[in-house]
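[1] sequence unknown, structure follows:
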Ligand SMILES: C[S@@+](CC[C@H](N)C(=O)[O-])C[C@H]1O[C@@H](n2cnc3c(N)ncnc32)[C@H](O)[C@@H]1O
Ligand SMILES: O=C(O)C(=O)C[C@]1(C(=O)O)C=C[C@@H](O)C=C1
């Protein structure tokens, strides 16, 4: 059984910025399931998209892989020969747990777990690239260059799955979606203190864009076929096809 997330349950005197350290890695499956509406649907859909888009002898990338939930779903749905998965994260604690998690399943597909900044790695011969709630943590001024490198690393017909926390361009709707997300967290057992402390800790590190900003940036990166395939409150997922 994964451990339950109590990280923000007691008052924290010096809150600091949220980071993906050992404490977060230890409770991550519970945290993300209770915090991100639609998370498990998105993971399943990444498997379906992989089954459609993976090409023989190509690479699949899971950028900001955390414990490897998307990697495992990609691997499970991969039937093409000669493919490998490159799963990257810059948190050593996350990668250590990802290694154990992935080793608990049988598979012939090679997975390279790489500890690196996703802005620094080469992307080549890719048929599927996944950024599942990772781009939002990259400094805004580095986002377009990363997407441009992904575009150039994809083979024609390849796909990028981009899941993000969004903000809405309309202030009234934005407030509503944030309130509904907080209702979702309450329904999943988080207290008012947990919700407000986590919100404050994330403020400087998770900087959401509007779906329109994502579309425009993806177009500037080169993608001509872009749309939202899923949204629940202020969380959603887009596909961009080369
Ligand atoms: C919300 S989690 C991603 C969840 C995961 N993709 C999943 O589907 O379960 C964000 C992850 O991105 C990683 N991350 C953030 N910035 C990064 C960077 N510049 N390079 C590599 N990994 C990064 C964090 O360590 C964290 O594990
Ligand atoms: O809890 C929140 O409010 C979130 O924004 C959820 C979110 C995310 O979107 O990445 C933030 C940090 C944790 O990694 C898990 C989920």
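    Arrived safely, thanks for sending. What you see is a predicted model, and the numbers here were worked out from it, not measured in a lab. Numbers count the residues shown, from 1 in each chain. Ligands and ions are numbered 1, 2, ... in the order given.
[2] Show me what from the chain comes close to ligand 1.
    Residues of the chain lying near ligand 1 by C-beta under 6 Å from any ligand atom: 20, 32, 64-66, 69-70, 88-91, 94, 117-119, 132-134, 137-138. To be clear about C-beta, it is placed using only N, CA and C from the backbone, and glycine gets the same treatment.
[3] could you flag which of those are buried?
    20, 32, 64-66, 69-70, 88-91, 94, 118, 132-134, 137-138 (16 or more other C-beta atoms under 10 Å).
[4] Get me the contact residues on the chain for ligand 2.
    31-32, 35-36, 133, 165, 198, 202, 206.
[5] Derive a ChimeraX selection command for the buried subset of those.
    To isolate the buried members of the residues of the chain next to ligand 2 in ChimeraX, using 16+ other C-beta under 10 Å:
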select :31,32,35,36,133,165,198,202
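[6] Cross the residues of the chain next to ligand 1 against strands and list the overlap.
    88-89, 132 (DSSP state E).
[7] What about the nearest residue to residue 32 once chain neighbours are set aside, how many residues nearby?
    Of all residues not flanking residue 32 in the chain, residue 39 sits nearest, at 5.5 Å (C-beta to C-beta, 6 or more residues apart in numbering). Residues contacting residue 39 under the criterion other C-beta atoms under 10 Å number 19.
[8] quick one: contacts for residue 39?
    32-33, 235 (C-beta atoms under 8 Å, 6 or more residues apart in numbering).
[9] what's next to the host helix or strand of residue 147, contact-wise?
    Assigned by DSSP states H and E, residue 147 falls within helix 140-153. By C-beta under 8 Å, 6+ apart, the residues outside helix 140-153 that reach it are 61, 118-119, 122-126, 129, 131, 135, 138, 160, 207, 209, 217-218, 220-223, 242.
[10] change it to 10 Å
    59, 61, 63, 117-126, 129, 131, 134-136, 138-139, 158, 160, 162, 207, 209, 213-214, 216-223, 240, 242 (C-beta atoms under 10 Å, 6 or more residues apart in numbering).
[11] Good, wrapping up.
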